[in-house]
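Enquirer: Any chance you could fold what I've pasted below:
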Amino acid sequence: MERTFRRIVTCADADGRSSVAGDTRIGEGELGNFNIWMTDPEGGGRGEHLPFFPPPGGTICRIVRLPSPDPAMKQEDFAGLVEAFFAGVGSPECRRDTSRHPLMHVTPTTDYIMLLEGDVSLLLDKGDPIPLHPFDVVVQRATNHAWLVTGERPVVFVAVMAGRH
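Expert: Numbers count the residues shown, from 1 in each chain. Sure, this is the predicted structure:
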């Protein structure tokens, strides 16, 4: 069964009374992302056709699913996965120093990332990989990093990305 997440969007009517503006199931999109909602600097929002990064002053909330490693994956298939990741991000400047891992990248955002499920480590330019446990939170401040799935199950994060000015 395909995994989905439920998005409930509220609104206020002319009298200021709250109600539901939308109640939708969100399916998996590109790069294992479930795009929940984006705000722009003017306070508008939308849930469809989101870019990978929010605009400066905007935010994106998404659920990210990283697959478990496939020990049988061939090197050329992994290289294709790396290229697909960077093409999907759509921002060549995200790929900087990949000497520690081919998926090291920098985002032009401040990200609040909470691990919900699975086993993963955060890899930075310096130090050992940092193991994370469900409900650990990483405040990722536009620094070079990669996520290393260390368990046998997929990893699920919730991420709020804030566009930097």
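Enquirer: now the helices for the protein?
Expert: 75-89 (DSSP state H).
Enquirer: okay, and the helix or strand of it with the least pLDDT?
Expert: In the chain, no helix or strand scores lower on mean pLDDT, DSSP states H and E than helix 75-89, which sits at a mean of 84.
Enquirer: Not counting sequence-adjacent ones, nearest residue to the residue nearest the centre of the chain?
Expert: Geometric centre of the chain, nearest residue: residue 64, 4.6 Å, by CA atoms, centre = their mean. The shortest distance from residue 64 to any non-neighbouring residue, by CB to CB, 6 or more residues apart in numbering, is to residue 157 (4.5 Å). Heads up, the C-betas are built off the backbone N, CA and C, glycines and all.
Enquirer: Relative to its centre, which residue of this structure is most distant?
Expert: Outermost in the chain, CA atoms, centre = their mean: residue 15 at 36.4 Å.
Enquirer: quick one: contacts for that residue?
Expert: Shown in contact with residue 15 (CB atoms under 8 Å, 6 or more residues apart in numbering): no residues.
Enquirer: Next one: it from residue 44, what distance?
Expert: Per CB to CB, to the nearest Å, residue 15 is found 21 Å from residue 44.
Enquirer: Can you point out the buried residues in stretch 128-145?
Expert: 129, 132, 138, 140, 144, 145 (16 or more other CB atoms under 10 Å).
Enquirer: quick one: pLDDT of the residue nearest to residue 66 when sequence neighbours are not counted?
Expert: Excluding its sequence neighbours, the residue lying closest to residue 66 (CB to CB, 6+ apart) is residue 155, at 4.3 Å. Residue 155 is assigned 95 on the pLDDT scale.
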